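S.K.: just to be clear, the model below is a prediction. Sequence and coordinates:
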There are 2 protein chains.
Amino acid sequence: MIGREDLGHRSETVRRANLSAIVRQLHLNGALSRSELVARTGLTRSAIRALIGELVDGQLVTEGPAALDGSPGRPSSLVCPDPRGAVVLALEIAVDSLAAAIVGLGGEVLDMVRVDLQPGHSSVDDIATALAGMASTVQGRLDVDDALIGIGVAVVGVVRRSDGLVSMAPNLGWRDEPLGDRLAQVLGAAVPIAFANEADMGALAEVRRGGARGADNVVLIWGSVGVGGGLIVDGRPLTGVAGYGGEVGHIPVNPDGLPCRCGSVGCWETEIGIGALLRRAGRPPEGGPEAVGAVLREAESGSPLALAALAETGRWLGIGLAGLINILNPRLILLGGRLRSIYPFVRSSLEAELDRRALRASRGLVRVVPAALGIDSPLLGAAELAFEPLLTDPAAWLRPRSATAELATA
Amino acid sequence: MIGREDLGHRSETVRRANLSAIVRQLHLNGALSRSELVARTGLTRSAIRALIGELVDGQLVTEGPAALDGSPGRPSSLVCPDPRGAVVLALEIAVDSLAAAIVGLGGEVLDMVRVDLQPGHSSVDDIATALAGMASTVQGRLDVDDALIGIGVAVVGVVRRSDGLVSMAPNLGWRDEPLGDRLAQVLGAAVPIAFANEADMGALAEVRRGGARGADNVVLIWGSVGVGGGLIVDGRPLTGVAGYGGEVGHIPVNPDGLPCRCGSVGCWETEIGIGALLRRAGRPPEGGPEAVGAVLREAESGSPLALAALAETGRWLGIGLAGLINILNPRLILLGGRLRSIYPFVRSSLEAELDRRALRASRGLVRVVPAALGIDSPLLGAAELAFEPLLTDPAAWLRPRSATAELATA
DNA sequence: ATGCATTTGAAAGAGAGGAACACAAACTCC
DNA sequence: GGAGTTTGTGTTCCTCTCTTTCAAATGCAT
């Protein structure tokens, strides 16, 4: 608490911040001209020039010929993030699948595999081993090992960010499982591994590359069997003290409701999860995605039972969202995962409940929309998580292309 | 969204950041020795020396003789924030009172007045006029006008940060009232006026000067007639897009519950507000603080009805807090306002409900305690809010003490 | 082809903190 | 009470990084 050394700034802090701003802009927006970078950073051309030169030498960006856009004046040369200059390995443990991807700087997915996960509970060791196999598959196909700068893992469960301890993952049957340790063992990686919750990473992906680009206060509700949430507050993911934040599936909305897998009663998840929808539609709650698809088809063809079940789910969605709106005053609420597909059917009852329950002031500022990215968004978010240290301090990852640079500056 | 000019850093950014770090440390911790500042900032003695010199010349700090603490070595001279070097005017519109204070740099309350507000609804104009009168009273007693750097206003209602529009304040009977405009008119101030919700400011005060010092993730629940919340996320107040965030009094916890003043049904406030407690204790809900005191005395003397009413309130407190814990994964939850006094009586039922409903991982990291500061904490928070620009960029408020400084450096 | 707008490139200048030194002040030990 | 030790002060010089300035380059419009 006392005596932290991160307060003082010095000249190199400036350099680091400026490199960071440039790399971040390129990573998030793709190729930009030098003059565009000048405009966005407020730095002078000279400064940009020197910094770009350093990044080019460090193999993080490439500088191409000008993009002629028809405007007068000497064309400004185009600066591109180099997708192979720095890559991350993204892993995902979802409800019913595992995924691995190599993502390059700028966000390009260079390679990806996804395999189904058999329903039922798998051990941590099995899953770690499977992921390691998938990781070597994608890594082997690309030969980008020397550019690997980090690993990001999205987990469908309550996971500690510092070390990847999975406190609870009902879908996997895990409780206090040291996923982080196991994964570090089997991956044998020389780069840091970052862990986060699936919905948190979905939200990060939506903010960085999806439907919430540029929005600073965003809530993503990720619905599958369970319900997770990813919260973006003032542009940063809300993690809480240990990374357990955003577990909106377990806010109490119906104190006299049904028991939840978490041990509580009447959690939001028990009212808006897949199981609740199927139950209301007169089906066994264990039905899974196919059964949900069937309910949606019934609703399309006008089945009153299916429509009522969806409306009731929408109502409960609205009840919980009203609470989140009042707490967080967000600009945007995204419905992801399975909630994306039911959105058209729940929209009206959901909005009605918001009108009734959310404070007018906050209600008027928020929009509820389906998520823009698909099923891979947590994986993309995990990649973003792994990129974060590079974006914060690119200087640490500059790889000298040759000795000429040093000679020139000497 | 595009082309913001705040990304690039330059040498003056460094200076500003370092001045900011020093002033912030002094404001939050009180007097510190130079060597302590060196340790906390990581800057060199030379840099600290120059920066302190600038601050002394600018009349924000004073440098006093060393504090001899018995340690070996030459004693380091003591740097003190100058309470009259920069002051703010803090105003508060509470449920049943108005307050005004002059607070100096370092947090010293130089003067303060509080007057009762008659129950019932007052017009914005009346309240603005009353506040202006109180403001000139405290300002007149001190003669610190030239040191005034800002005004902070805490309002018991949903208020927009940008301009002080009060969207809703049931306690005052306000709806869409332009408090900001009125106050700016009657105060005729040449300094910026910042607005925020009462509970938000209570939380800020607790984090800066109260029981949550140094904690990064804090929830304050401020209970009176209504219930407000102040959320601190990663050390920063959660405001949301317009400052409406933190309205935890209106999260739906009992969808079939009682109608709330906000227009919804079953808000948390309807279960943990003063009214609910009195109702459960068999009294008229409008009783006010005196009636609550009576219930507490009954409980102390063992009245089963009073004890049951308090336990039930505690249960609902726990239900709502469980949701907040799962969403925010906080380190600390503070019960402020009237909730402070009932804490001993609700503690056990509250904790039991948390054990049952909060996710184990987050539950294990959080403590629920009564707030450390008393009724004035929103006022102190408003002062902190007004100080924020100074703490972020002290250079803009340096007032040259004399011409010697310029001559010396020329 | 000529003029204009805009960017590039390089050198000189300015702002800010770091490193190293001599000196000063207080504590501890004898 | 004096020497030695420890720690902090004030000063000078150095380094780093961005800005300023000016000439040259490039493409569009007329």
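M.R.: That came in fine, so what should we check first? Numbering: from 1, shown residues only, chains lettered A, B, ... in the order given.

S.K.: neighbours of A:Asp116, how many?
M.R.: 9 (other C-beta atoms under 10 Å in any protein chain shown). Glycine gets a C-beta too; all of them are placed from N, C-alpha and C.

S.K.: not counting sequence-adjacent ones, nearest residue to it?
M.R.: A:Ser97 (5.4 Å; C-beta to C-beta, 6 or more residues apart in numbering or on different chains).

S.K.: the one you found against A:Arg114, yeah?
M.R.: Yes. In terms of C-beta atoms under 8 Å, A:Ser97 counts as a neighbour of A:Arg114; the distance is 5.4 Å.

S.K.: who has more neighbours, those two?
M.R.: Neighbours were counted for A:Ser97 and for A:Arg114 using other C-beta under 10 Å; A:Arg114 has more, 16 against 13.

S.K.: please report the distance of the more buried one from B:Pro285.
M.R.: Distance, A:Arg114 to B:Pro285, using C-beta to C-beta, to the nearest Å: 57 Å.

S.K.: show me what contacts whichever residue of the stretch 201-350 of chain A sits closest to DNA strand D?
M.R.: For the stretch 201-350 of chain A, the residue closest to DNA strand D is A:Gly235, as judged by C-beta to the nearest atom of the strand, at 22.7 Å. A:Gly235 makes contact with A:207, A:216, according to C-beta atoms under 8 Å, 6 or more residues apart in numbering or on different chains.

S.K.: run the last query once more with 6 Å
M.R.: Residues in contact with A:Gly235 (C-beta atoms under 6 Å, 6 or more residues apart in numbering or on different chains) are A:Asp216.

S.K.: got a pLDDT number for it?
M.R.: We have a pLDDT of 94 for A:Gly235.

S.K.: phi first, then psi, for it.
M.R.: phi 80, psi -10 (degrees, to the nearest 10).

S.K.: surely A:Ile251 meets B:Leu321?
M.R.: No. Between A:Ile251 and B:Leu321 there is no contact under C-beta atoms under 6 Å: 10.7 Å.

S.K.: so what sits against both of those two?
M.R.: By C-beta under 6 Å, 6+ apart, no residue touches both A:Ile251 and B:Leu321.

S.K.: mean confidence for stretch A:83-91?
M.R.: Stretch A:83-91 comes out at a mean pLDDT of 96.

S.K.: revised request: answer the last question for stretch A:155-173.
M.R.: Here the average pLDDT along stretch A:155-173 is 95.

S.K.: so the residue in the stretch 201-350 of chain A that DNA strand C sits nearest to versus B:Pro370, what's the distance?
M.R.: Closest residue of the stretch 201-350 of chain A to DNA strand C, C-beta to the nearest atom of the strand: A:Gly214 (23.0 Å). Look at A:Gly214 and B:Pro370: by C-beta to C-beta, they are 41 Å apart.

S.K.: and these two? which has more neighbours close in?
M.R.: B:Pro370 (15 against 11).

S.K.: my read: the more buried one touches B:Leu334, true?
M.R.: No. Using C-beta under 6 Å, B:Pro370 makes no contact with B:Leu334, being 7.1 Å away.

S.K.: check contacts around the residue nearest to A:Asp116.
M.R.: A:Ser97 neighbours (C-beta under 6 Å, 6+ apart): A:114, A:116-117.

S.K.: am I right that A:Leu55 sits in a helix?
M.R.: Yes. Per DSSP: H, G, I helix; E, B strand; the rest coil, A:Leu55 lies within a helix segment.

S.K.: mind listing the strands for the stretch 101-250 of chain A?
M.R.: Listed in chain order, the strands of the stretch 101-250 of chain A (DSSP state E, counting those that start in this stretch) span A:109-116, A:148-155, A:158-159, A:165-169, A:174-178, A:193-197, A:218-223, A:227-233, A:236-237.

S.K.: can you list those strands in JSON lines and add distance to DNA strand C?
M.R.: As requested, the strands of the stretch 101-250 of chain A are exported to JSON lines (distance: least, C-beta to the nearest atom of the strand, whole Å):
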{"stretch": "strand A:109-116", "distance to DNA strand C": "28"}
{"stretch": "strand A:148-155", "distance to DNA strand C": "27"}
{"stretch": "strand A:158-159", "distance to DNA strand C": "37"}
{"stretch": "strand A:165-169", "distance to DNA strand C": "37"}
{"stretch": "strand A:174-178", "distance to DNA strand C": "40"}
{"stretch": "strand A:193-197", "distance to DNA strand C": "29"}
{"stretch": "strand A:218-223", "distance to DNA strand C": "33"}
{"stretch": "strand A:227-233", "distance to DNA strand C": "30"}
{"stretch": "strand A:236-237", "distance to DNA strand C": "26"}
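
S.K.: separation between A:Ile251 and chain B?
M.R.: 4 Å (C-beta to the nearest C-beta, to the nearest Å).

S.K.: how many residues are close by that residue?
M.R.: That count, for A:Ile251 with other C-beta under 10 Å as the rule, works out to 29.

S.K.: pLDDT score assigned to it?
M.R.: 96.

S.K.: give me the pLDDT for the spatially closest residue to it that is not a sequence neighbour.
M.R.: Using C-beta to C-beta, 6+ apart and skipping residues adjacent in sequence, the residue nearest A:Ile251 is B:Gly323, 3.6 Å away. B:Gly323 carries a pLDDT value of 97.

S.K.: can you pull the contacts of whichever residue of the stretch 251-400 of chain A sits closest to DNA strand D?
M.R.: Taking C-beta to the nearest atom of the strand, DNA strand D has its nearest neighbour within the stretch 251-400 of chain A at A:Ala395, 8.1 Å off. If you count contacts by C-beta under 6 Å, 6+ apart, A:Ala395 has them with A:16, A:19.

S.K.: ok but it is inside a helix, no?
M.R.: Yes. Under three-state DSSP, A:Ala395 sits within a helix.

S.K.: quick one: it from A:Gly249, how far?
M.R.: In terms of C-beta to C-beta, A:Ala395 sits 40 Å off from A:Gly249.

S.K.: and what of A:Ile93?
M.R.: 17 Å.

S.K.: next one: A:Glu298
M.R.: 26 Å.

S.K.: more crowded one of these two?
M.R.: Between A:Glu298 and A:Gly249, counting by other C-beta under 10 Å, A:Gly249 is the more crowded of the two (27 against 19).

S.K.: remind me, longest helix of chain A?
M.R.: helix A:304-328 (DSSP state H).

S.K.: residues from chain A in reach of DNA strand D?
M.R.: A:11-12, A:14-15, A:18, A:42-47, A:50-51, A:66, A:68, A:70-75 (C-beta under 7 Å from any atom of the strand).

S.K.: filter these to the buried ones?
M.R.: Neighbour counting by 16 or more other C-beta atoms under 10 Å in any protein chain shown classes A:14-15, A:18, A:42-43, A:47, A:51, A:75 among those as buried.

S.K.: among the residues of chain A next to DNA strand D, which are within reach of chain B?
M.R.: By C-beta under 6 Å from any C-beta of the partner chain, the members of the residues of chain A next to DNA strand D lying near chain B are A:14, A:18, A:42-43.

S.K.: which one of these is nearest A:Cys260?
M.R.: Proximity of those to A:Cys260, judged by C-beta to C-beta, is greatest for A:Asn18, which lies at 48.4 Å.

S.K.: for the host helix or strand of that closest one, packing partners?
M.R.: A:Asn18 is located in helix A:11-29, with elements delineated by DSSP states H and E. Packing partners of helix A:11-29 (3 or more C-beta pairs under 6 Å, 6 or more residues apart in numbering or on different chains; DSSP states H and E): helix A:45-57, helix A:377-392.

S.K.: low-confidence stretches in chain A?
M.R.: A:1-6, A:67-70, A:400-410 (pLDDT under 70).

S.K.: can you list the residues of it near DNA strand C?
M.R.: A:8-11, A:33-35, A:38, A:45-46, A:49, A:71-77.

S.K.: so of these, which ones are in helices?
M.R.: Going by DSSP H, the helices hold A:11, A:34-35, A:38, A:45-46, A:49 from the residues of chain A next to DNA strand C.
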